[in-house]
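A.B. asks: Sequence first, predicted coordinates after that:
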Amino acid sequence: MHALRALVDFIFQAQNLVFFGETMTALSTALQEFHDNKQAIIAAGRRRGKKGDMDHFQIPKLEMLLIIIRSARLLGAPYQWTSDITEQCHITHVKEPY
């Protein structure tokens, strides 16, 4: 449960519009706590794929969580993780005029 709670904490904190030092610390701590405790999920047999139980956490989207912290430090805000804004611009500026 610690790993799942930490992952949910990370996702919740990553949705902030403004990132302060405390936010960056909370993100880093939550992600580290997840990685420290994720083995318990595997040990409980709860990491499953299409072919059954898996013994790893090599998930590309999970590995990309580090980019949120890095981009927030470099850019002052996390990299845009949703296409909603760009999709809306595409609709209003490309599709509708034609």
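C.D. replies: That came through fine.

A.B. asks: Check the secondary structure at the residue nearest to D53 when sequence neighbours are not counted for me.
C.D. replies: Leaving aside its chain neighbours, D53 sits nearest to G45 (5.5 Å; criterion: C-beta to C-beta, 6 or more residues apart in numbering). For every residue, glycine as well, the C-beta is placed using N, CA and C. Classification of G45 using DSSP: H, G, I helix; E, B strand; the rest coil returns coil.

A.B. asks: Surely G45 and G52 touch.
C.D. replies: No - using C-beta atoms under 8 Å, G45 makes no contact with G52, being 9.5 Å away.

A.B. asks: out of the two, which sits in the more crowded spot?
C.D. replies: Each of G45 and G52 has its neighbours counted (other C-beta atoms under 10 Å); G45 has more, 11 against 7.

A.B. asks: Just the pLDDT for P97.
C.D. replies: As predicted, P97 sits at a pLDDT of 56.

A.B. asks: ugh, wrong one, I meant H2
C.D. replies: Value listed for H2 in the pLDDT field: 88.

A.B. asks: Contacts only, for it.
C.D. replies: Taking C-beta atoms under 8 Å, 6 or more residues apart in numbering, we find H2 in contact with 33, 37, 40.

A.B. asks: Which ones among the residues you listed map onto helices?
C.D. replies: The helices, defined by DSSP state H, take in 33, 37, 40 from the contacts of H2.
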